Each structure stands twice: as structure tokens, then as C-alpha cells.
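[1] no FASTA, just this:
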């Protein structure tokens, strides 16, 4: 069969890498892809949000399955367009994708269907939002309603910081129309974890647990990014907690979406905060996390193509098989990310890194210029490794990181440390 993967980052490279292992697959296309993906698939110069052109391409090439990586095309309705044309595609409809596309919709659905989350208020007027912040005090969280590439959330430690966030989002419009409304919510304290399930709208199967590292600097300091690293499994989520997440989060939201007329199919990702008062949902995403996918897919034994096909057919696979090892992903970023950064820095050492045991390097923001591999994004590479436990996985991944170089290369040195602390307790 022929498979099309939509997207160009590290998550999509990991999806392509996994799809390439399927015995059913004879040809993989990726739109637009990147140089790393190009070693496994044919890269096609179509933007992920050019939905009509992607559907035309899938029809023309006789694509049997399309897997969508990023959220933007899902929120814009790629699944609806493909299904209208009788094309098989993995992911939620435009209506269902609002769980990520609109923070307001998501919070209101949680409130209505009893999913535990922080108390919140919605504002479409910046002055009213600021008055509420002054009344509530800090710490407080300010979120742009729409998509903002993981950068639309400010966890403000001071009132001034929260007021500045409102101005940035609603007045300066740094995220465009995504900032027409803001959600202002209570600040939750605890440890974050990512819980992903694959669902056909009714039944679901959990993916392996993972923990993402959002802040740009060690010790969870600095601004939020799209993610600086991840590991799987995440010991913060015990079996008991997993059951709680399934009963209090996954089941009610899937039931609510179905009953409201927006059945959710695909990957549902709950961003959780484990607080002293129990589990709370920070946000929902409607696709594989990035970089969680890179850590999770390294451990998946089951054929990903079979999983996606089972969702489209409405008959979810009975179980997923995982390798027992711990997997870890460290993001190598450009200097200045998540703010302004330079592109075009030559990258060396990937081949040497991949010679090490269990190491796979996924490309995120790379390009080829004058025959050389160069940086072309904020998050440049995702270095992944396996180990018998988090200690060995960390040793393996950081040995690999040391082999790679580009000017201004920045990465967190503490990915997986929270797991180490839990193991040693």
C-alpha cells in the first residue's frame, strides 16, 4: 500500500520511520518532509495546510492511507476533505479537532462533562481580562484561545507578567486571530505527564506513558517551547493513576464528544498535571505529541499502519505491544529558540551518533544547502536512544548528543531526571 504522512518535523520523521517497518507498505510520501525523512520517503513540496492540494495528490497517486502529524491541518478540516473524496485518513474531524484548536471549546467541554481541570474564565476584551487578573493575583495562567505552536500559554509568576501576556496575545496579536479570546485559569502545581490514547470514537487503547519537558532551560526554567525532550515510560503515572485518568478524563471526554455529535477518532492526548488534589487536565491535543511521539514510537512493537487502519475501519486493534526498554528523546535547538534564531548553520556528527547502540536521530528543522546539511528551524534534531532503564537510556542519548555539532546548539541536560528521582525514592 501507499502511505502519505503530512508534516515536516521530528514527530513526522518518527511516524515515517515506524511506517517504513510495516510489511504492508510499498511506498511512503511525506508532505513536505525534511532531509532525514527523505532517506525513507519521497518528499513532496506541499504545505501541511494546503488541504485541497494534498487531497488532489492522494487521489492522483492512489494513496491508501494518510497520517496527519501536526495539529493545524486537522483543525482546518483535512480529515473532512479527504473523507468527502473517499480517501482513507487517520485523525479527527474539524469539529472534533476543536479540542485542541480552541482552548475555550476544550475547557467548556471539560466543565460540561466533569473532566477535572483548573478553574477558568474566558475573555474577549483585554481590559476585562486584566481587571480579572488584578483581582485574582498571581501565579496565574494566560492562554490564547487558538493554535499558537505550543507558545500561546504563559504561566505568569507575577501580575505584571500576566498583564503583559494579555497585551501580547490580545492587543499586539502576536498569534493573530488565535488571540481574539483568552482563557485565564488558576495555576496548578505538581508534575506534568502526557497521556495518549488511540481511539475509534468509542473504544480506546492507551499508548505508553511519556513525560515532556516544555521549558527551554534545565530545571524547567525559561519560556515554554514546543518541547525540549521526552522519555517513556513515565513513572509519575502509576497503574493506579492510569486507571484514574481513563475513568475521569478519557471516558467522559470521548462520551461527551460522541453525544455532542463530534465523535473523536485518532490520537487523543491529555496533557496532565499530577497535583496534591489528584489529576487535572491542562489541555487536550488531537495528535501525537512532539517530542513524545519520538520516545513512544521507539518502543511500539505493533505495526502503526495496522493501528491507523483499525481506527478508520471502526474496529480498533485489541492491544498494543511494547518493548520493555526505556526510551528517551533530547531536542537539539537553535540558539535563541523559542524566540528569534538564525538558520543555515552546518550540522555535523549525525552518522557518528547513529553508530552508537540503540540511537536513532530524527530530523526536525533541517535543510540541505550547497550539498551540506544545515539548521532550518528552532528545534533542529531529536536524538533518541533506548536503555534497560532511565539511567542507561540517559547515558546512551547524551553520548550521542556529544557527537553532534552546529553553531549555537542548545539542549537541556536534565531530560529524564524526574524519573531518576522517582526511582531512587
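    The structure has been received and is ready for your questions. Note that the structure is a prediction, hence the values are computed from the model and not measured.
[2] list the contacts of the most centrally placed residue in the chain.
    The centroid of the chain falls nearest to residue 289 when counting by C-alpha atoms, centre = their mean (2.0 Å). The neighbours of residue 289, taking C-beta atoms under 8 Å, 6 or more residues apart in numbering as the test, are 11, 194, 196, 210, 212, 227, 230, 269, 296. For the C-beta atoms, the positions are set from N, CA and C on the backbone; glycine is no exception.
[3] among the residues you listed, the buried ones, what's the ChimeraX command?
    The buried subset of those, as determined by 16 or more other C-beta atoms under 10 Å, is captured in ChimeraX by this line:
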select :11,194,196,210,212,227,230,269,296
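[4] so where do the strands sit in the stretch 101-250 of the chain?
    Taking DSSP state E, counting those that start in this stretch to define them, one finds strands in the stretch 101-250 of the chain at 120-123, 140-144, 153-156, 182-186, 191-199, 204-206, 211-212, 215-217, 221-224, 229-232.
[5] sorry, that was for the stretch 251-400 of the chain
    266-275, 278-285, 326-333, 360-363, 366-369, 372-375, 379-387.
[6] and the last one, what does it pack against?
    Here strand 379-387 is seen to pack against helix 10-19, helix 292-297, strand 326-333, strand 360-363, helix 390-403 when contacts are counted using 3 or more C-beta pairs under 8 Å, 6 or more residues apart in numbering; DSSP states H and E.
[7] can you give me the mean pLDDT across it?
    The average pLDDT for strand 379-387 rounds to 98.
[8] coming back round to it: for residue 378, find the nearest of the strands of the stretch 101-250 of the chain.
    Closest approach to residue 378 among the strands of the stretch 101-250 of the chain is made by strand 215-217 (9.8 Å; C-beta to C-beta).
[9] partners of the closest one in the sheet?
    strand 221-224 (antiparallel) (DSSP bridges).
[10] now do the partner strand: everything it contacts.
    By C-beta under 8 Å, 6+ apart, strand 221-224 touches 150-151, 153-155, 214-216, 338-339.
[11] over to stretch 277-284?
    Contacts of stretch 277-284 (C-beta under 8 Å, 6+ apart): 99-100, 103, 106, 110, 115-118, 153, 188, 190, 192, 241, 244-245, 248-249, 253, 268-273.
[12] got any ranges where the chain has weak pLDDT?
    424-425 (pLDDT under 70).
[13] try 80
    149-151, 422-425 (pLDDT under 80).
[14] any idea which residue of it is furthest from its center?
    Farthest-from-centroid check, the chain (C-alpha atoms, centre = their mean): residue 135, 33.7 Å.
[15] mind putting the contacts of residue 289 in TSV, distance to residue 167 included?
    TSV is the format used below for the contacts of residue 289 (distance: C-beta to C-beta, whole Å):
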residue	distance to residue 167
11	32
194	30
196	34
210	34
212	28
227	26
230	32
269	30
296	37
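[16] list the buried residues of stretch 349-360.
    For stretch 349-360, burial by neighbour count (16+ other C-beta under 10 Å) applies to 349-350, 353, 358-360.
[17] swap that for stretch 84-93, please
    Applying 16+ other C-beta under 10 Å to stretch 84-93 flags 87-93 as buried.
[18] hmm, back to that, and which of the buried residues of stretch 349-360 is nearest to residue 143?
    Nearest to residue 143 among these: residue 360, at 33.7 Å, using C-beta to C-beta.
[19] contacts only, for that closest one.
    17, 298, 354, 384-385.
[20] ok, now with 6 Å
    Counting by C-beta atoms under 6 Å, 6 or more residues apart in numbering, residue 360 makes contact with residue 384.
[21] how far away is it from residue 28?
    Distance of residue 360 to residue 28, given as C-beta to C-beta, to the nearest Å: 16 Å.
[22] hmm, back to that, of all the helices and strands packed on strand 379-387, which one is nearest residue 164?
    Nearest to residue 164 among the helices and strands packed on strand 379-387 is strand 326-333 (23.8 Å), distances taken as C-beta to C-beta.
[23] and the closest one, what does it pack against?
    Packing contacts for strand 326-333, counted by 3 or more C-beta pairs under 6 Å, 6 or more residues apart in numbering; DSSP states H and E, involve strand 229-232, helix 292-297, strand 379-387, helix 390-403.
[24] for residue 412, which of those is the nearest?
    Evaluated over these, closeness to residue 412 peaks at strand 229-232, with 5.7 Å, by C-beta to C-beta.
[25] pairing partners for the closest one, with directions?
    Strand 229-232 has the following strand partners under DSSP bridges: strand 211-212 (antiparallel), strand 326-333 (antiparallel).
[26] so what touches it?
    Against strand 229-232 from outside (C-beta under 6 Å, 6+ apart): 208, 210, 212-213, 291-292, 295-296, 299, 327-331, 412, 415-416.
[27] and what of stretch 194-203?
    Applying C-beta under 6 Å, 6+ apart, the contact partners of stretch 194-203 are 204-207, 210, 212, 245, 250, 263-265, 267-270, 272, 289, 292, 307, 311, 314, 316.
[28] how long is it from one end to the other?
    Taking C-alpha to C-alpha, to the nearest Å, stretch 194-203 runs 19 Å from one end to the other.
[29] let me see the ranges of the helices in the stretch 51-200 of the chain.
    For the stretch 51-200 of the chain, helices defined by DSSP state H, counting those that start in this stretch occupy the ranges 51-61, 71-75, 78-84, 98-101, 103-112, 126-136, 159-166.
[30] can I get these in TSV with distance to residue 281?
    Formatted as TSV, the helices of the stretch 51-200 of the chain follow (distance: least, C-beta to C-beta, whole Å):
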stretch	distance to residue 281
helix 51-61	29
helix 71-75	17
helix 78-84	23
helix 98-101	11
helix 103-112	6
helix 126-136	20
helix 159-166	21
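[31] for those helices, which one sits closest to residue 236?
    Residue 236 lies closest, by C-beta to C-beta, to one member of the helices of the stretch 51-200 of the chain: helix 103-112, at 21.1 Å.
[32] this completes my enquiry, with thanks.
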